Each structure stands twice: as structure tokens, then as C-alpha cells.
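Undergrad: Got a predicted structure here, sequence first:
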Amino acid sequence: MSPAAPAEKPTEPPPSQATPGGAATPADWASDTYTVQKGDTLSGISKKVYGSAGKYMKIFEANRDILDDPDRIVPGQVLKIPELDD
């Protein structure tokens, strides 16, 4: 019988996986689109990608071609995520 190998030391997860549920933080966001998931709201998406829920109208305005109402998004929709003007 051979001796047991020493236990490996756990490593720290990358920052994007360190948040609850492995969600990306605004600093990690690098995509120009977002696919709507069940339970999403534009303000929630805005908080994920911009760090501020109050910027949801930027996303709405960029998607007027597929959205008529900022309160009516459906899972599976692919939204354009515009860059913020500083």
C-alpha cells in the first residue's frame, strides 16, 4: 500500500467567480450583448453590467428596436449593452 498523497491547498477563485453565483462584476463585464434570463429586469441587468441599477434606460434606449416597454423583457431576448458615456 502506498502512502497517501498530501492534500492540495485550495486556490482562490478568480474575481468573477468569487461573487455569489459566480456572476460577473461590472469590472469583469466585457460583452456587448446580454441574454435575458428568467427573473431578470433591466435595472438588475444594469446593476450587473454598469454597477448601477439607475442606468437601465441606456439599455432600454439601445434596444428600442425589440423593446416597447422597459418593464417587459422576456427570457431569451438578446439585448445590446451600450458603452456608457462618461
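TA: Happy to help now that I have it. These numbers were taken from a predicted model, which means no experiment stands behind them. Numbers count the residues shown, from 1 in each chain.

Undergrad: Can you tell me the SS state at Lys55?
TA: Secondary structure, DSSP: H, G, I helix; E, B strand; the rest coil: Lys55 is helix.

Undergrad: which residues touch it?
TA: Taking CB atoms under 8 Å, 6 or more residues apart in numbering, we find Lys55 in contact with 46, 84. C-betas here are computed from N, CA, C, even on glycine.

Undergrad: what's the spacing between it and Lys38?
TA: Going from Lys55 to Lys38 by CB to CB, to the nearest Å gives 22 Å.

Undergrad: same question, Asn63
TA: 18 Å.

Undergrad: between those two, which one's more packed in?
TA: Neighbour count, other CB atoms under 10 Å: between Asn63 and Lys38, Asn63 has more, with 19 against 7.

Undergrad: Point out where the chain drops to low pLDDT.
TA: Counting by pLDDT under 70, the low-confidence segments of the chain come to 1-30, 86.

Undergrad: Just the helices from it, written as ranges.
TA: 15-18, 42-50, 56-62 (DSSP state H).

Undergrad: export the longest one as PDB, just CAs?
TA: When you say that, I think you mean helix 42-50. Taking C-alpha atoms only, helix 42-50 is exported to PDB below (Å, rounded to 0.1, in the frame of the first residue of the first chain):
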ATOM      1  CA  LEU A  42     -33.500  46.000 -16.900                       C
ATOM      2  CA  SER A  43     -32.400  47.600 -13.700                       C
ATOM      3  CA  GLY A  44     -30.900  44.300 -12.500                       C
ATOM      4  CA  ILE A  45     -29.000  43.800 -15.700                       C
ATOM      5  CA  SER A  46     -27.900  47.500 -15.500                       C
ATOM      6  CA  LYS A  47     -26.600  46.800 -12.000                       C
ATOM      7  CA  LYS A  48     -24.700  43.700 -13.200                       C
ATOM      8  CA  VAL A  49     -23.000  45.400 -16.200                       C
ATOM      9  CA  TYR A  50     -22.700  49.100 -15.100                       C
END
